[in-house]
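Novice: would you be able to build a 3D model of this:
(chains A, B, C and D)
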4 protein chains.
Amino acid sequence: MIKVGIVGGTGYTGVELLRLLAKHPQASVEVITSRTEAGMHVTELYPNLRGHIDIKFTEPDVETLSECDVVFFATPHTVAMALVPELIKRNTRVIDISADFRLKDVEVWEHWYNTKHTCPELFSKAVYGLVEINREQIRTAQLVAVPGCYPTATELGFLPLLEAGLIDPTHLIADAKTGVSGAGRKAAIPMLLAETSGSFKAYGLNGHRHLPEIREVLSRHINKAVDLTFIPHLAPMVRGIHATLYGRLTTESIGDLQNLYEQRFANEPFVDVMPAGSMPETRSVQGSNMCRIAVHQPQGSDTVVVLSVIDNLVKGASGQAIHNMNIMFGIEEIMGIDVIAMMP
Amino acid sequence: MIKVGIVGGTGYTGVELLRLLAKHPQASVEVITSRTEAGMHVTELYPNLRGHIDIKFTEPDVETLSECDVVFFATPHTVAMALVPELIKRNTRVIDISADFRLKDVEVWEHWYNTKHTCPELFSKAVYGLVEINREQIRTAQLVAVPGCYPTATELGFLPLLEAGLIDPTHLIADAKTGVSGAGRKAAIPMLLAETSGSFKAYGLNGHRHLPEIREVLSRHINKAVDLTFIPHLAPMVRGIHATLYGRLTTESIGDLQNLYEQRFANEPFVDVMPAGSMPETRSVQGSNMCRIAVHQPQGSDTVVVLSVIDNLVKGASGQAIHNMNIMFGIEEIMGIDVIAMMP
Amino acid sequence: MIKVGIVGGTGYTGVELLRLLAKHPQASVEVITSRTEAGMHVTELYPNLRGHIDIKFTEPDVETLSECDVVFFATPHTVAMALVPELIKRNTRVIDISADFRLKDVEVWEHWYNTKHTCPELFSKAVYGLVEINREQIRTAQLVAVPGCYPTATELGFLPLLEAGLIDPTHLIADAKTGVSGAGRKAAIPMLLAETSGSFKAYGLNGHRHLPEIREVLSRHINKAVDLTFIPHLAPMVRGIHATLYGRLTTESIGDLQNLYEQRFANEPFVDVMPAGSMPETRSVQGSNMCRIAVHQPQGSDTVVVLSVIDNLVKGASGQAIHNMNIMFGIEEIMGIDVIAMMP
Amino acid sequence: MIKVGIVGGTGYTGVELLRLLAKHPQASVEVITSRTEAGMHVTELYPNLRGHIDIKFTEPDVETLSECDVVFFATPHTVAMALVPELIKRNTRVIDISADFRLKDVEVWEHWYNTKHTCPELFSKAVYGLVEINREQIRTAQLVAVPGCYPTATELGFLPLLEAGLIDPTHLIADAKTGVSGAGRKAAIPMLLAETSGSFKAYGLNGHRHLPEIREVLSRHINKAVDLTFIPHLAPMVRGIHATLYGRLTTESIGDLQNLYEQRFANEPFVDVMPAGSMPETRSVQGSNMCRIAVHQPQGSDTVVVLSVIDNLVKGASGQAIHNMNIMFGIEEIMGIDVIAMMP
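Specialist: Alright, predicted model coming up:
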């Protein structure tokens, strides 16, 4: 059994970790911390877990956490960087679902997160946990940075086209839509049902923190400058990301795009290339760790359109985190996360 | 492996059977029928099942179905009664999720369903599949009638009070609210999102077909006339039933109602009596087979209020059906249906 | 032109006052206060008002407010009671949408609102602004207490039965459902879309503050003890209250209930008795000042069921407040609030 | 009083016409037709109109319709073209909300609508009712084709940039999102709440009928070939279109885009250019005839992003239609449609 600790368990990625790990045959949640709710049983906050897990929130404590085999951080940014160095020192492996170790460029990180990073020396150690590009490094990683939700959907959608060099990498467009759970479980007027239901809007046009992440990851991966216009939107729903991705073809000999996608992800358990002509719905991945992708060339124009959907809390966070754990500990990749999405 | 057939697999109870059975360790779906979609792969209709089940809809055919160990009917009423006699004759066990065998009184059935029943002789054979009252008969049943969604939530909520004789059984009130999936997957203007979203309404005041079911089941169970005012409502959500139940106490020595409920359901794996003071949300059972119940006596008055929530498609249909199957085939009761609800 | 002041204009009742008053032919909003947003133009907070009203939030100030002909309080409770005595002294009329003057019994008020009332001497001056029972007193009132949203729907629904003495007044049941805007525009985790969408729950079983209001108003009105079980629920929608009301008939000679309701409200511009057999939807009053009511006697039993729907922010708050203003200032009752609900 | 006829009044654009015209000081609805509901009072279908309009649906009949001053067609395509020639002959003016006269190129029309047009000779007579480009022709038009909902939001958003020649007109991208009311009031499984709530998807990638309309209108307007990638999406809400528009700048001397937009629409009563940095929500135009637009140049790149929101049933259909009527009959442009959007 893998002994698991969770730091910051009261949020939505926390409860998703618990939902999935409670049924994971080879993992056991030993510690779950929350400064605000220490002493409370997790089922008081999340009654869906009643009968499935018997644990209370405790104050975060490095000693206790370091006795785990792996610690997940399901926290806002800057929390992980305060604890991770100690855990790494004690050989506890860390899977950080927050943003603290997603970038390689410290200056860029400090600019976008508008704060000093306290352990930039760990940037080089941190493996970016997009399994579909970094599977081998993940196996031995001591510190994994789980990709952001938008980056997961966007990067997976663009990968085959960029790797094949078919589109102009400097003018990508990602028009992305998310459910409100992406904003986390925190009191905020703009996320009230009364403010968001029945309405749709863009946000973050002045610069969303997932923009530099997508830019850096894709640039490093294809070893070429990548730039994109990234416009996130808020849809009146709880879960799901739908990324509509636009790329301009740079060559006429593009071959069969459908085949390109199918080949690229043929061995990926959690990327499902849909049949030609498909338009995947976010609910088709609701609660599951799958990313469903469809590639289109509407009206035969030179603009390729890729549709990429994930559940932001699973493939875009906790499910992907457990996928990384499975790889790090050498167990079956899909163990505990091979959940079927709920439809309707 | 239990060989399973499903008649009428294109509806919401059909896809829920598939979602749950695809992961059931001891069941294997061999046949799934649909007149309208025969020849189509189930994943074309329900992409959430991609990679989890590999089967096509076929025309319903008694020969093929009778080779199964058990056949589920996930059909509108009157479909099951046409096929069930043949299956029973061939010793195939039947679990009918539709309404064809829920009542014992043929006249009442024919009145409320406004049609002739073609095999009333099977009424006495049919076991009403509310495990919490009929577990023993279910074990050996050849034909199980799965309770309706509203009756499941309502009957479980009233059971302890009625069994203990604490409330007036002739003036029960059940104010019930459902999500729209209860209306099934069929084209109907009143169920459009544009007609239901952002709005709330009562319906069926002139008589909902679940009323005679609740009346008959509870009357037979306590062997006393039971009557109730049953007002169903439509809430703008996909899944979930919330039954708010009112009963008038007939005695002052009621003892501890919380304790009464906890004792009554102490050994029931799928009824969760919430801590005193709780108000369960429907999302706390979303996708799960649990019924969560809370009992209240507001302001110390002589009106007891019981809150009972289920997922209408799981505990109120397909999950409860599989629970019956597990009991009928002598395997672990919770196998394959011990799913954790999805929150948020 | 009636010069209008609004205290506490940033909430949902505030913006509804502005939406309606901006088009009111004989009212002009002169002052709108907000401690937190003083200096901000109202359209920054509510862009729907762009081009329709040109005013900024200011600090509340008795001098300025008292220059208005009437001041609306769209505030949480305890705010009005601090300012109202001064305004009344200066002959400014007050329409309080908050709860400060809804009850007549000071002890009950202080018990339920859990605080000392600072001007209980005004209780006798305050007229409860349910036009349908207090029209005459409202004409000359200097201080009107606008009914709560649940009380409006509930009281109107029960009135004809209680006035006619047809039901047992001590065992009323009000099973009420509201949209989330009733909780106001304030940051609170339980009101997030991620917490409420797709789910339904009861709340406030231990005692909602609208319970003593309904009890007192109805008791005083029929001059008999009235008691009720009042169970509020939260539905996943923005606006609307649906009250499902249950009363036990005490006589068999009930006459024609449909006719009773039609007669009772024949001259009420904002109560619409629906045709027999109707089940009104909350969206049929969305954005309008109408209360739609239907009366039923399901299955011919001795339990009468009344369905009563309003828009909680209009008939349940700001629209009803303006209705009171129109009467107080002797202008056409429906002026400025004869808005047609938006469907779909 | 302008005598108004409405053909096809049972759909959502029909009820919106009624909601707005019932309060229009200079219009009177004389006839409203519906083959399926002839004889039914409109308030049976739309109870929100109770007390506001007293009219029944009748069979469509050219004689009766031609006695009106103007006839609106709120019908599926191909209905208008069967009746319009007769009405035009009798000098009844026509405002067609359907698609029958939106294009100038008959071949293109017949290709996209996949049917023969029966009166292509009227194409040259028909004025495309986008007031913001065709105000003068509308004044004297006998036949107005009201723009589609997507085209309205998209064309208004791109106009200033295209007129100023600042972007490459052959590679526009319109990523548009709509609520489900755009699909009309018709029984269709994919539009059920159970199928759409909590989910998001793209549709019509193979070619939506609004694509040729946008292409033709913009091309003719700037007298240059315009081409675009148009990807519509379905958001889980009732009303609203949010068009996110992308254009690539072709020059560095672009001047002040904010100013460009403000100047362009300075005299347009129903286009609201939001302050710099704004991200308009669809609910800010809910129920109103306003189009709110914001222009952005994220990260200073050469991709301009325009956000354009409308209520698809008002500015995108019935409100815009009445705007045309007002202009055709020489009355105040905003009469009857200067409604404030409902927030929340």
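Novice: pLDDT averaged over stretch A:2-21 - what is it?
Specialist: Taken as a whole, stretch A:2-21 carries a mean pLDDT of 97.
Novice: wondering if that stretch reaches chain D at all.
Specialist: No - against chain D, stretch A:2-21 shows no contacts by C-beta under 8 Å from any C-beta of the partner chain, the least distance being 15.0 Å. Bear in mind the C-beta positions are built from the backbone N, C-alpha and C, glycine included.
Novice: tell me the gap between that stretch and the middle of its chain.
Specialist: Centroid separation between stretch A:2-21 and its chain, computed with C-alpha atoms, centre = their mean, to the nearest Å, is 14 Å.
Novice: where do the helices sit along the stretch 51-200 of chain A?
Specialist: Taking DSSP state H, counting those that start in this stretch to define them, one finds helices in the stretch 51-200 of chain A at A:62-66, A:80-89, A:106-113, A:131-140, A:149-163, A:193-196.
Novice: which one of those helices lies nearest to chain D?
Specialist: helix A:193-196 (4.6 Å; C-beta to the nearest C-beta).
Novice: is that closest one in proximity to chain B?
Specialist: No - figure legend: helix A:193-196 not in contact with chain B (C-beta under 8 Å from any C-beta); closest approach 10.5 Å.
Novice: which SSE is immediately downstream of that helix?
Specialist: strand A:201-202 (DSSP states H and E).
Novice: which residues outside that next one are in contact with it?
Specialist: A:231-234, D:242, D:244, D:279-282, D:307, D:309 (C-beta atoms under 8 Å, 6 or more residues apart in numbering or on different chains).
Novice: now flag whichever of these is closest to chain B.
Specialist: Using C-beta to the nearest C-beta, D:Thr282 is the member of these that sits closest to chain B, with 13.4 Å.
Novice: right, and the closest one touches A:Phe200 too?
Specialist: Yes - counting by C-beta atoms under 8 Å, D:Thr282 touches A:Phe200, with 4.8 Å between them.
Novice: what sits in contact with each of these two?
Specialist: With C-beta under 8 Å, 6+ apart as the test, D:Thr282 and A:Phe200 both reach D:179, D:237, D:240, D:242, D:309.
Novice: what number of residues lie near the second one?
Specialist: Read it as D:Met237. Neighbourhood size, D:Met237 [other C-beta atoms under 10 Å in any protein chain shown]: 29.
Novice: you'd agree it is in a strand?
Specialist: No - using DSSP: H, G, I helix; E, B strand; the rest coil, the assignment for D:Met237 is coil, not a strand.
Novice: what's the per-residue pLDDT of it here?
Specialist: pLDDT, D:Met237: 98.
Novice: thinking it is in contact with D:Gly182, fair?
Specialist: No - using C-beta under 8 Å, D:Met237 is not in contact with D:Gly182, being 10.5 Å away.
Novice: returning to what we had before: who wins for most neighbours among the shared contacts of D:Thr282 and A:Phe200?
Specialist: Most crowded among the shared contacts of D:Thr282 and A:Phe200, counting by other C-beta under 10 Å, is D:Val309 at 33 neighbours.
Novice: and for A:Thr140, the neighbour number?
Specialist: There are 10 residues near A:Thr140, going by other C-beta under 10 Å.
Novice: identify the residues contacting it.
Specialist: A:Thr140 touches A:Met328, counting by C-beta under 8 Å, 6+ apart.
Novice: what's the burial count for the closest residue to A:Tyr246 other than its chain neighbours?
Specialist: Distances taken as C-beta to C-beta, 6 or more residues apart in numbering or on different chains place A:Ile173 nearest to A:Tyr246, at 4.0 Å, with adjacent residues excluded. Neighbour count of A:Ile173, defined by other C-beta under 10 Å: 23.
Novice: contact partners for A:Ile173?
Specialist: Residues near A:Ile173 by C-beta under 8 Å, 6+ apart: A:228-229, A:231, A:245-247, D:173, D:246, D:303.
Novice: quick check, nearest of the shared contacts of D:Thr282 and A:Phe200 to C:Thr118?
Specialist: Nearest to C:Thr118 among these, counting by C-beta to C-beta, is D:Met237 at 44.1 Å.
Novice: OK, contacts around that closest one?
Specialist: Contacts of D:Met237 (C-beta under 8 Å, 6+ apart): A:197-200, A:236, B:193, B:197, D:179-180, D:282.
Novice: just these that are near chain C?
Specialist: A:197-198, A:236, B:197.
Novice: helix, strand or coil: sort out A:Val31 for me.
Specialist: Per three-state DSSP, A:Val31 ends up strand.
Novice: show me which residues of chain A sit near chain B.
Specialist: Counting by C-beta under 8 Å from any C-beta, chain A sits next to chain B at A:12, A:15, A:19, A:22-23, A:46-52, A:181, A:185, A:197-198, A:238-239, A:272, A:274, A:278, A:280-281, A:283-288, A:290, A:292, A:340-344.
Novice: hang on, the earlier thing: will you turn the helices of the stretch 51-200 of chain A into TSV that also has distance to C:Pro169 and mean pLDDT?
Specialist: Below are the helices of the stretch 51-200 of chain A laid out as TSV (distance: least, C-beta to C-beta, whole Å; pLDDT from 0 to 100):
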stretch	distance to C:Pro169	mean pLDDT
helix A:62-66	60	97
helix A:80-89	61	97
helix A:106-113	63	97
helix A:131-140	67	98
helix A:149-163	55	98
helix A:193-196	35	98
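Novice: tell me which of the ones you listed sits nearest to D:Asn114.
Specialist: For D:Asn114, the closest of these is helix A:149-163, at 32.0 Å, according to C-beta to C-beta.
Novice: does at least one residue of that closest one sit close to chain D?
Specialist: No - Helix A:149-163 does not reach chain D (C-beta under 8 Å from any C-beta); its nearest approach is 11.9 Å.
Novice: orientation of that helix relative to helix A:131-140 in degrees?
Specialist: 110 degrees (axes from the mean of the first three to the mean of the last three C-alpha atoms, to 10 degrees).
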